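> Structure, please.
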Amino acid sequence: MKVAVSYLSSSDYVKCIKKINDSNADYIHADLCDGKYVENKNFTIGLLAKIFGAAQKKLHVHLMCVDPLKYVDTIASYDVSTIIFHLDATKDADKVIDYISSMGIKVGIALNPKDDIESLTPYLNKIDEVLFLTVTPGAGGQPFQEEVLDKVDKFNEIKKDYNIETIIDGGVNADTISLLIDKDIDIVVSGSFVTSGDDYNERIEILKKGILL
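This is a model prediction of the structure:
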C-alpha cells in the first residue's frame, strides 16, 4: 500500500512539503479547492507555483474545482503523477479525461461519500484511479465515514476487469488503517495524522504496515 501525504491541514504548506520531500511518502497529495466546488479556497496560480515548486516527489493532485480543465495546463507543468477531478464539477468528463491523458498524466475520478459507483461506468476503460472520499470534501481533520467502504468493496469487484487503482482519502490514521489493510487498496491519502507529528516516517510506516510500531 502506497501513502500520499496531504499538506492541506498544515499552517505552512511549503514547510510541510519540504518535510514530505524528506520522508518515505510515495507522493505529495495536493487538495486544490477553488472556493466554488467547496466553500474554502486554498490556492491561487501564484501560490501554486510556490507550493508545487517546493515539491521533490511526484504530485498526486485532487481538484475540488469547478471546470477542472481551467487548471490542467498549469498543473501539468510540474512533476505530476495523477490529476483527479469530480464528475459533477464539469459538463464534459470525457473531454477532461482525454485532455489529461494526452499529456501523459494519469487520470482519476473522485467520489464523495454520497456518490454512487454507477456514475463511474462510462469511464472505467479510460481512467487510472478512483479516489473514494471517506470525509465530506473541503477540510482536513474530519472523522472517517466507514460506510463508504461498502462501496469500495463493490468497486473492487468491478475493477478486476480494468487497470484501475483504488485510493482512500479522508480520516486515515492509526485507528482507521486497520479497516483498510485487508482490502484491495492501492493508495491511502493521509494529512493531519502524518503532518501533526514530528516524525513523518514513523507515521507513514504505521499506515504502510497497518499496525502500531
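
> and the worst-scoring helix or strand of the chain on mean pLDDT, which residues are buried?
Taking mean pLDDT, DSSP states H and E as the measure, the chain has helix 45-53 as its least confident helix or strand, at a mean of 91. Judged by neighbour count using 16 or more other Cβ atoms under 10 Å, the buried positions of helix 45-53 are 48, 51-52. Placement of C-beta: from N, CA and C, glycine included.

> Next one: the most centrally placed residue in the chain from residue 51, what distance?
Of all residues in the chain, the one closest to the mean position by Cα atoms, centre = their mean is residue 62, 5.1 Å from it. Counting by Cβ to Cβ, to the nearest Å, the gap from residue 62 to residue 51 is 14 Å.

> Would you mind listing the residues touching both of the two?
residue 30 (Cβ atoms under 8 Å, 6 or more residues apart in numbering).

> can you give me the end-to-end distance of stretch 99-119?
20 Å (Cα to Cα, to the nearest Å).

> Now that stretch: buried residues?
Quick answer for stretch 99-119 (16+ other Cβ under 10 Å): 99-100, 105-111, 115, 117.

> So which of the residues you listed belong to strands?
Counting by DSSP state E, the part of these found in strands is 106-111.

> Closest to residue 1 out of those?
Closest approach between these and residue 1, by Cβ to Cβ: residue 108, at 16.6 Å.

> Turn the buried residues of helix 45-53 into JSON lines, columns for distance to residue 158.
Shown next, in JSON lines, are those (distance: Cβ to Cβ, whole Å):
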{"residue": "48", "distance to residue 158": "34"}
{"residue": "51", "distance to residue 158": "35"}
{"residue": "52", "distance to residue 158": "33"}
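
> And the helices in the protein?
Ranges of helices in the chain, per DSSP state H, are 13-21, 45-53, 69-76, 93-102, 148-158, 192-195, 200-209.
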